[in-house]
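[1] sequence first, predicted model second:
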Amino acid sequence: MNAQLLDGKATAADIRRELTERVAKLTATNGRPPGLGTVLVGDDPGSHAYVAGKHRDCAQAGIASIRRDLPADASQQQVEETIDELNADPACTGYIVQLPLPRHLDTNAVLERMDPAKDADGLHPVNLGRLTLGVEAPLPCTPRGIVELLRRHEVPFAGARVCVIGRGITVGRPIGLLLTRRSENATVTLCHTGTKGLAWHVREADIVIAAAGSPGLVTKDMLRPGAAVLDVGITRTDQGLVGDIHPDAAQVAGWIAPMPGGVGPMTRAMLLANVVEAAERNATAI
Ligand SMILES: Nc1nc(=O)c2c([nH]1)NC[C@@H]1CN(c3ccc(C(=O)N[C@@H](CCC(=O)O)C(=O)O)cc3)C=[N+]21
C-alpha cells in the first residue's frame, strides 16, 4: 500500500483564497483591513521564521500586520505592556504571542493578560475553558487545522479511534477536546512521555496524530494498516527538519500528512481564519 497525501499545502492555499474574499468585504465595510499582531520575544531562528511566514500570509490575504519584537532579556513587565498596547489598539483585530517564551518569563501570566476577544491562537484560559464547555470560541490553530485537513480529504473521524501523542498546550491537549465534541465524535487516547506501551495504543488507532517533538518516533511496525497518520512534530537537526513519523510509515498508512507540507501550512491558514472571524464578530457587535 502507498499512503494517500493529506495535502496541507494545497488545502491551506484553498482556504487562504476563501479568506481573501472575506477580508476584502470586511475592509470595505469597516474602512480598514483586519490586523494581526505578533509578539515575539528573543532570537530563536525557528520562531523568527514562523512569525515571518505569518506576516507573509497576512500580506497575501490583505490583512494588516502589527509586529512587536522584544529582546531575549525582555522583562515580564515589558511583555505585559506590549500585551496591553495590543489590547488597546483598534487596528489590531487579533494577535498571538509566539511560544515558547524565554524561560525567565511567566507564560501563563502573559496569556491571562490577553484580551480573549483578540486571542487569535485560542490559547487564552477563557477560550480554552469555552472549548471545554462547548461554547463558541476561537479554536487553537493546529487542532483546527488538523480537523479541517481530515474533513476536506474525507477521512472519516466520527466513531474513529484517534491516538494523539503529546500533551502540549498548542496541539496535544486541545486536539482531544476538539475531536471528542459531539460534532466530531471521535474517541481520543492522549499518549505522552509517561505512557506505557505506546506502540499498543498506536496500533489500535484509525488516526494517529504525532505531536511529541521526538524524531522518527512512529515507525511502520506500530501502525494499523490503512491508518491516517499526521506528522505534527518538528525537530531542527543538522540534516534539516525532521518529523515524528518515520518515512517508512508511508508504506503502511492509508493517508499521511507529511512534515513539511501537512499540518504546518494548515496551522497558518487557521490563524488567518481566526483573525478574520474575530473581525467579523467585532463588525456585528457594533
Ligand atoms: N503562539 C503560538 N502559536 C503557534 O501556532 C505556534 C507557536 N506559538 N509556536 C511554534 C509553533 C510552531 N508552529 C508552526 C506553524 C507553521 C509551520 C509551517 O508552516 N511549517 C512548514 C515548514 C516550515 C519550514 O520549512 O520551516 C510545513 O510544515 O510545511 C510550522 C510550525 C506554530 N506554532
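    Thanks, I have it. Remember, predicted model here, so these are calculated numbers, not experimental data.

[2] tell me, how many residues neighbour the residue of the stretch 1-150 of the chain found nearest the ligand?
    Per CB to the nearest ligand atom, residue 99 is where the stretch 1-150 of the chain lies closest to the ligand, at 3.7 Å. C-beta coordinates here come from the backbone N, C-alpha and C atoms, glycine included. The tally of other residues near residue 99 (other CB atoms under 10 Å) stands at 15.

[3] so what's it up against?
    107, 123, 170 (CB atoms under 8 Å, 6 or more residues apart in numbering).

[4] please report phi then psi for the first one.
    Looking back up the chat, that one is residue 107. Phi and psi for residue 107, reported as degrees, to the nearest 10, are phi -60, psi -40.

[5] ok, and what's touching stretch 19-35?
    60-66, 89, 91-94, 269, 272-273, 275-276, 278-280, 283.

[6] so which residue is dead centre in this protein?
    residue 142 (2.1 Å; CA atoms, centre = their mean).

[7] quick one: that residue is in a helix?
    Yes - per DSSP: H, G, I helix; E, B strand; the rest coil, residue 142 lies within a helix segment.

[8] rewinding a little: got a markdown table for the contacts of residue 99, with neighbour count too?
    Formatted as a markdown table, the contacts of residue 99 follow (neighbours: other CB atoms under 10 Å):
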| residue | neighbour count |
| --- | --- |
| 107 | 16 |
| 123 | 20 |
| 170 | 20 |
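
[9] so which bits of stretch 175-190 are buried?
    With burial defined by 16 or more other CB atoms under 10 Å, the residues of stretch 175-190 counted as buried are 175-179, 184, 186-188, 190.

[10] tell me which two in those residues are the farthest apart.
    184 and 190 (14.9 Å; CB to CB).

[11] and the residue lying closest to residue 191 once chain neighbours are set aside, what does it touch?
    Distances taken as CB to CB, 6 or more residues apart in numbering put residue 165 closest to residue 191, at 4.8 Å, once the chain neighbours are dropped. By CB under 8 Å, 6+ apart, the contact set of residue 165 is 172, 191-192, 198, 202, 208-212, 217-218, 244.

[12] tell me what the residue nearest to residue 91 when sequence neighbours are not counted is bridged to.
    Nearest non-adjacent residue to residue 91, counting by CB to CB, 6+ apart: residue 35, 4.7 Å away. On the basis of DSSP bridges, residue 35 is bridged to residue 64.

[13] okay, residue 35 and residue 56: tell me how far apart.
    Here the criterion is CB to CB, to the nearest Å. By it, residue 35 lies 15 Å from residue 56.
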